[in-house]
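# Predicted model and sequence follow; I will ask about them next.
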2 protein chains.
Amino acid sequence: MNEKRRIYNFAAGPSMLPQAVLESAAKELVSYGTSGMSVMEMSHRSACFENILQTAKQDLRDLMRIPESYDILFLQGGGTLQFSMIPINLFRGSGKADYVITGAWAEKAAAEAVKFGDIRVAASSKDRNYAYIPRLSAEDFRRDADYVYITLNNTIYGTRYPYIPDTGDIPLVCDWSSGILSEELDVTKFGLIFAGAQKNIGPAGLTIVIARRDLIGRAPENTPIYLDYKIHAANKSLYNTPPAFSIYMAGEVVKYLKKNGGVSANERRNREKAEKLYAYIDGSELYSAPAEYEDRSLMNIVFVTGDAALDKKFVAEAGEEGLAELGGHRSVGGMRASVYNAMPIEGVDALIGFMRRFETENKKRAVK
Amino acid sequence: MNEKRRIYNFAAGPSMLPQAVLESAAKELVSYGTSGMSVMEMSHRSACFENILQTAKQDLRDLMRIPESYDILFLQGGGTLQFSMIPINLFRGSGKADYVITGAWAEKAAAEAVKFGDIRVAASSKDRNYAYIPRLSAEDFRRDADYVYITLNNTIYGTRYPYIPDTGDIPLVCDWSSGILSEELDVTKFGLIFAGAQKNIGPAGLTIVIARRDLIGRAPENTPIYLDYKIHAANKSLYNTPPAFSIYMAGEVVKYLKKNGGVSANERRNREKAEKLYAYIDGSELYSAPAEYEDRSLMNIVFVTGDAALDKKFVAEAGEEGLAELGGHRSVGGMRASVYNAMPIEGVDALIGFMRRFETENKKRAVK
């Protein structure tokens, strides 16, 4: 393979970034603008970096139409640290929270929250291996819960909430790590949204937290200082040295999305990619998608042949053709095509082309 | 200024990286080796990234001669998160720890630790604005302390421990954020060493923790999972998505240091830079260095003219000549030249040249 040839990377994250953004970042990696230094070398207290950070924040605010009543924080520690920070910061009355378990990540979030309060599973789709999203309404939640927690897109099982649960006055908290900026979302329906950057926005090492300001500032006094949203909000994400280069890259991706039609155009492209792939799967005799039709993810298209050995062969042969990282999560097997924002439609076409050839060659062996 | 001209960046951190490393990173930013993707896009579970991480770790182990009885962790959250993680993880008996306060960072570390245990200030150099390092021996520490905490290099005041305190059997913990890899250090004298990467090793967003394995695994049960060293150690820093690109860059810097004579050669270069600058300051009629002679930092050379307005003029004029970020920390004023590993001797020569001209032009105004 040519050393510089780029492949289609279907990894669940970290995963593809827009090639144009990578190319421009490469050009200014040694010296950014007129600064005479790399963004990686820049003091986080410098005017130049502050401008990078503030622009990234404002562009994200514009793109997602985040009202001023919400703060945007650029943090470290990934979703894992948010699993702790959310209960630590959002318990403020009853110390109760209701979690909806739609997969392994929601499970992990709930297991962590148990350390800090009274956690109840409001609903779970474990009974059918997380192949669907429960339909919930306000009465499914404890009235005195401090928050309700959901995982909007579930990477492992390829599901996505096709609706936003109505939680009444209870703040709704959501893990949108695998969906942020992929489609329109009414931020005002949420108390807090968080996302690791490494799927749709930028490199790993940056976590974006969008939180209603009135929910910030209630962490207990002995909270580890880095885990207190208030500290980061009061210091505009510059209390300590932030993950500066990741913030810069995220800012460049956001700028690129803005230039290319914003979230609505992005959603259109993402729907086109997903629909094309699902349509092919639904029409094929070899492949099937285990997720409930209405709850299918736009980001992670999970499918199987029904024959574990054949699945393995598929992943290996696809990899050899430059269609990388198509293996399903180790807990479920099968295949998973993660088609985040930066996956071009050409990648999906190439995948379908391969799937078709593979089907022809292997149809007789398979049991659908 | 030519857009691509690099300047000498004397920032206290983030700060300069080796230009050769930046240039090679730029070349492979869009497609790393034969992977067909950027390191930023690479699954952290891929063989390719695992190799990057393991190589970085092994190279660091070789360079610093870290015995196998110590683990090396690649974490997020900076020194600030370590200020919490250290007491949370290292209290295991008395819940007591002794801190030596040699500046603002040690102060912050102690203020944080108070949340988790019985903290005593074993010594402080605040009486003379942290211009010196206290001389301590085993009897200065509580015998039943779970650990003793020191800040080996103090960026704000330009001081550095010229000795390693003997703490007997008590594990010695040290913040080496501004010194790691800058000179030889006997790791076996410490229970734990941590360093933010952004001064001497790589971009911000990566924190390196070198910890004696027997000290890991004693965090309380309700510890936020990300804050438990045991989780990261058991999962080889891959419990959750790590700051992959920062790890890659740190690995490249470590590789570069290895190729260029390792830590001893680096120490020789760093001593040459610092001695040259201090010699010029000591011989000048305009400048003086407030730090105690024997306790002078090799990394952060702090100096003043004795006239705050003249200091300001110095910093502004130096900046115009491409000698950037020479202002002292806002809490102390004056000047600070941070000359970390990646600052070439030519940068120091250029600074001295400027200092000499500035002195000639401004001598009459100043009161030394």
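Looks like it came in fine. Computed from a predicted structure; not experimentally measured. Numbering: from 1, shown residues only, chains lettered A, B, ... in the order given.

# Residue A:71 versus residue A:59, what's the distance?
For residue A:59, the distance to residue A:71 equals 16 Å [C-beta to C-beta, to the nearest Å]. Quick note: C-beta positions are derived from backbone N, CA and C, even for glycine.

# Which one of those two is surrounded by more residues?
Taking neighbours as other C-beta atoms under 10 Å in any protein chain shown, residue A:59 and residue A:71 compare with residue A:71 leading, 22 against 19.

# if I pick that one, what's in contact with it?
Neighbouring residues of residue A:71 by C-beta atoms under 8 Å, 6 or more residues apart in numbering or on different chains: A:210-211, A:213, A:216, A:229, A:233.

# Just give me the closest of those residues to residue A:98.
Ranked by distance to residue A:98 (C-beta to C-beta), the contacts of residue A:71 are led by residue A:211 at 18.5 Å.

# Out of the contacts of residue A:71, which end up buried?
A:210-211, A:216, A:229, A:233 (16 or more other C-beta atoms under 10 Å in any protein chain shown).

# of all of the stretch 251-368 of chain A, which residue lies closest to chain B?
Closest approach between the stretch 251-368 of chain A and chain B, counting by C-beta to the nearest C-beta: residue A:325, at 5.7 Å.

# my guess is that residue meets residue A:10, correct?
Yes - between residue A:325 and residue A:10 there is a contact at 5.0 Å, judged by C-beta atoms under 8 Å.

# okay, and the common contacts of those two?
Joint contacts of residue A:325 and residue A:10 (C-beta under 8 Å, 6+ apart) are residue A:338.

# who's more crowded, the two?
Counted by other C-beta under 10 Å, residue A:325 and residue A:10 do not tie: residue A:10 has more neighbours, with 28 against 25.

# For that one, give me its contacts.
The contact partners of residue A:10, by C-beta under 8 Å, 6+ apart, come to A:323-326, A:336-339, A:343, A:347, A:351.

# Centre of the chain to the helix ranked longest in chain A, how far?
With DSSP state H setting the assignment, residue counts place helix A:262-283 as the longest helix in chain A. Offset of helix A:262-283 from its chain centre (C-alpha atoms, centre = their mean, to the nearest Å): 17 Å.

# Check the average confidence over it, would you?
In this model, helix A:262-283 has a mean pLDDT of 98.

# can you pull the contacts of residue A:341?
Counting by C-beta under 8 Å, 6+ apart, residue A:341 touches A:18, A:181-182, A:200, A:253, A:257, A:266, A:270.

# Would you map the helices across chain A?
Here chain A has its helices, by DSSP H, at A:19-27, A:47-64, A:78-90, A:104-113, A:229-234, A:244-259, A:262-283, A:308-320, A:345-362.

# Take the ones you listed and write them to JSON lines, including distance to residue B:360.
As requested, the helices of chain A are arranged in JSON lines below (distance: least, C-beta to C-beta, whole Å):
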{"stretch": "helix A:19-27", "distance to residue B:360": "41"}
{"stretch": "helix A:47-64", "distance to residue B:360": "30"}
{"stretch": "helix A:78-90", "distance to residue B:360": "53"}
{"stretch": "helix A:104-113", "distance to residue B:360": "63"}
{"stretch": "helix A:229-234", "distance to residue B:360": "45"}
{"stretch": "helix A:244-259", "distance to residue B:360": "38"}
{"stretch": "helix A:262-283", "distance to residue B:360": "57"}
{"stretch": "helix A:308-320", "distance to residue B:360": "66"}
{"stretch": "helix A:345-362", "distance to residue B:360": "63"}
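
# Alright, I will stop here.
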